[in-house]
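J.: Please find the sequence and the predicted model below.
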Amino acid sequence: MKSDNLIEDKSFDFAVRIVNLYKHLQDEHRENVMSKQVLRCGTSIGANIKEAMHAQSRKDFISKMNIALKESYETEYWLRLLNRTKYITDSEFSSIFAENQSVTNILAKIVITSKNTQEE
């Protein structure tokens, strides 16, 4: 079920891909450490966005969105490491990395705009 919120939908769809990547890494490679790290931060993005949608204040909203942004940066790190160590192919990496970048770019704009609006 889609919401009316682009970043909520994109982050949820990304989380589904991350869960599937985790299952693939567990089933095909028996990789435990990096797969759990990417699962944790990749799914945390959407969870923090959902929390932000129900924030108690503008400051709380910005804080939660900023946490989501930081989690997306961490996800980037783990995806790059999984690719460089050959746990995911270049084509798998390119696809999921592009999706992460899209979420990251939207979150960065939301955080910047929200901070600028708060200061006015």
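T.: Alright, I've got the coordinates.
J.: Only the buried residues of the least confident helix or strand in the chain by mean pLDDT, if you could.
T.: The helix or strand of the chain with the poorest confidence is helix 90-119; it has a mean of 95 (mean pLDDT, DSSP states H and E). Going by neighbour count (16 or more other CB atoms under 10 Å), the buried part of helix 90-119 is 93, 96-97, 99-100, 103-104, 106-107, 110-111, 114. (Glycine included, C-beta is placed from N, CA and C.)
J.: quick check, distance from it to the centre of its chain.
T.: Distance of helix 90-119 from the chain centroid (CA atoms, centre = their mean, to the nearest Å) equals 8 Å.
J.: Same check on stretch 39-52?
T.: Put simply, stretch 39-52 sits 6 Å off its chain's centre (CA atoms, centre = their mean).
J.: who's in contact with it?
T.: Around stretch 39-52, the neighbours that count as contacts under CB atoms under 8 Å, 6 or more residues apart in numbering are 7-8, 11-12, 14-15, 18-19, 21-22, 60-61, 64-65, 67-68, 71-72, 74-75, 78, 100, 103, 107.
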